[in-house]
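Peer 1: Okay, predicted coordinates and the sequence, questions at the end:
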Amino acid sequence: MILLVGVEMPSILIKTKTPIWTGDIDQKSELLQSSGIMGSLRWWAEAILRSIDKYACDPTGNERCPAEDENKKYYCSACLIFGATGIRRVFRLNTSGGERVFTGSALNIKPSGRNRGWYLGSGVMGEIYLEITPLDKDFDESLVLLPLILASNWGGIGAKTQHGYGVVKIEVCPEIDFKRFKEAIEKITDQEKLSKLRIELRHGSNNGLPNLKEMFFAKVQFEAEDDWWRKVNGIAPRSQDNYRGYINDPRMINWIKSDSVPIAPAIKNWLRYSKEMTKRGKKIQVSPFKEISNMEISKWLFGISEGNIKTASKINVSCAYPVNDNLWEFRIWGWIPKDGSPAGFDRDGFLDNLKQALDGSGSVTVSWNELLGDQTESHKLKVWREFSSSRDTVKPNESDIGNYLQSLLEGE
């Protein structure tokens with residue numbers, strides 16, 4: 001293949017299954033921001049690179065590239081693709097298309113027992129075009145498409161995926177395999193190429209940063225009648241606490257018309273607060289999973305936003321989206337590091353219990369009728385993916401990262 005630098009490649013069409021978050025730094029933009037998509041693609045690429053033992057810095061942290069030593073500048077593999085201070089990215093990305101889901105202020109969805117809710121802004125839905133322009137002769141489209149395919153198959157793109165945004169489908173998905181991606185990385189990081197640019201490849205520790213080897217992906221399906229969304233916890237009104245709900249709100253009605261239902265607040269509320277216990281004579285709501293009943297562990301796992309302190313959730317829950325006429329699906333996925341967790345957190349115990357709760361085989365049960373309404377039934381865990389784990393339902397205990405990655409690219 002002859003690559004013409006600066007010549008735009010054919011557009012990639014993606015269709016949204018759930019809204020993509022549009023907000024800029026002020027969270028006011030009504031247009032899809034290419035910077036948000038770029039940042040998301042980089043996040044997925046970093047997780048992949050770390051899983052194959054390539055160092056990828058945290059571009060938002062103090063240790064971001066370049067690192068300097070004796071008049072030399074060092075850049076990690078991710079920065080050589082996506083750019084950093086002193087070097088440009090090897091491609092340009094433009095986005096277009098999509099329609100705003102609703103206008104007006106954000107929805108504040110409050111499931112039962114919550115005084116504070118989850119704020120959901122509009123986002124965009126519909127057909128989105130990604131236009132990729134190579135800016136380097138060694139650019140290969142797999143550097144962008146492999147992270148995009150992985151995200152579309154199992155996670156989400158854009159910001160706020162922890163609140164349900166960003167599930168997409170690639171129309172006419174190109175064939176990209178792991179071997180091609182790995183070869184493209186070797187070209188980008190070739191020592192002779194870097195020497196001509198007077199830079200060096202940076203090495204380091206990936207501990208404490210998102211890594212595909214430490215991620216899990218689950219899909220849950222259920223059958224539902226028409227208008228089932230009207231009984232979802234947080235959307236449905238409640239007379240006992242004068243909560244009006246959103247079943248008649250034009251913003252919610254427009255969201256439903258876009259073919260997705262924002263169930264993430266209901267699911268996350270169950271994960272964090274659905275068990276009642278007494279502490280110092282006062283009844284409080286905690287997680288049904290003993291591994292995260294401690295408040296500090298819960299904050300570490302689900303993120304916090306308190307004053308100037310903000311941390312991202314390690315668990316993402318998608319909106320529900322239709323598979324066919326009466327079959328719906330949603331995703332629970334995330335990155336839970338094996339090292340550096342708070343004292344008392346049992347990672348394997350939590351993941352065991354979460355999977356068993358979703359497939360109905362464990363001691364923790366999911367009150368689906370309370371979460372999604374009694375117009376839903378036949379809830380089941382369709383698939384669970386996890387590297388080198390007996391919990392994986394497709395390739396259990398697969399310890400070859402190349403084989404595992406390729407299976408993720410091929411779907412289920």
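Peer 2: Received the coordinates, thanks.
Peer 1: Strands along the stretch 51-200 of the chain, start to end?
Peer 2: 67-69, 72-75, 91-100, 107-109, 118-120, 124-134, 168-170, 200-201 (DSSP state E, counting those that start in this stretch).
Peer 1: From the chain's centroid, how far away is the shortest one?
Peer 2: What that stands for is strand 200-201. Chain-centre distance of strand 200-201: 30 Å, with Cα atoms, centre = their mean, to the nearest Å.
Peer 1: next one: stretch 69-77
Peer 2: Offset of stretch 69-77 from its chain centre (Cα atoms, centre = their mean): 31 Å.
Peer 1: So what touches that stretch?
Peer 2: When contacts are defined by Cβ atoms under 8 Å, 6 or more residues apart in numbering, stretch 69-77 is touched by residues 49, 54-57, 65-68, 84, 86-87, 185, 188-189, 198-202, 204. Every C-beta, even on glycine, is put in place using the N, C-alpha and C of the backbone.
Peer 1: Recalculate using a threshold of 10 Å.
Peer 2: 45-46, 49-50, 52, 54-59, 63-68, 81-87, 185-186, 188-189, 194, 197-204, 206 (Cβ atoms under 10 Å, 6 or more residues apart in numbering).
Peer 1: Quote the end-to-end distance of that stretch.
Peer 2: End-to-end distance of stretch 69-77 (Cα to Cα, to the nearest Å): 18 Å.
Peer 1: Residue 41 contacts residue 155, correct?
Peer 2: No - here residue 41 does not reach residue 155: they are 11.6 Å apart, not a contact under Cβ atoms under 10 Å.
Peer 1: which ones among the contacts of stretch 69-77 are found in helices?
Peer 2: 45-46, 49-50, 81-82, 185-186, 188, 194, 197 (DSSP state H).
Peer 1: want to try JSON lines for those residues, with pLDDT, distance to residue 14 and neighbour count as columns?
Peer 2: Below are the ones in helices among the contacts of stretch 69-77 laid out as JSON lines (pLDDT from 0 to 100; distance: Cβ to Cβ, whole Å; neighbours: other Cβ atoms under 10 Å):
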{"residue": "45", "pLDDT": "98", "distance to residue 14": "17", "neighbour count": "25"}
{"residue": "46", "pLDDT": "98", "distance to residue 14": "21", "neighbour count": "28"}
{"residue": "49", "pLDDT": "98", "distance to residue 14": "23", "neighbour count": "22"}
{"residue": "50", "pLDDT": "98", "distance to residue 14": "25", "neighbour count": "23"}
{"residue": "81", "pLDDT": "97", "distance to residue 14": "20", "neighbour count": "26"}
{"residue": "82", "pLDDT": "96", "distance to residue 14": "19", "neighbour count": "25"}
{"residue": "185", "pLDDT": "96", "distance to residue 14": "24", "neighbour count": "22"}
{"residue": "186", "pLDDT": "95", "distance to residue 14": "28", "neighbour count": "11"}
{"residue": "188", "pLDDT": "94", "distance to residue 14": "24", "neighbour count": "19"}
{"residue": "194", "pLDDT": "94", "distance to residue 14": "33", "neighbour count": "16"}
{"residue": "197", "pLDDT": "90", "distance to residue 14": "33", "neighbour count": "12"}
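Peer 1: export these to TSV and tack on distance to residue 93?
Peer 2: Formatted as TSV, the ones in helices among the contacts of stretch 69-77 follow (distance: Cβ to Cβ, whole Å):
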residue	distance to residue 93
45	13
46	16
49	18
50	22
81	12
82	10
185	19
186	23
188	17
194	23
197	22
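Peer 1: picking that back up, between the strands of the stretch 51-200 of the chain, which one is closest to residue 350.
Peer 2: strand 118-120 (21.4 Å; Cβ to Cβ).
Peer 1: Against which helices or strands is the closest one packed?
Peer 2: strand 107-109, helix 250-257, helix 264-273 (3 or more Cβ pairs under 10 Å, 6 or more residues apart in numbering; DSSP states H and E).
Peer 1: Turn these into a markdown table, including mean pLDDT.
Peer 2: Output for the helices and strands packed on strand 118-120, formatted as a markdown table (pLDDT from 0 to 100):
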| stretch | mean pLDDT |
| --- | --- |
| strand 107-109 | 96 |
| helix 250-257 | 97 |
| helix 264-273 | 94 |
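Peer 1: Sounds good, over and out.
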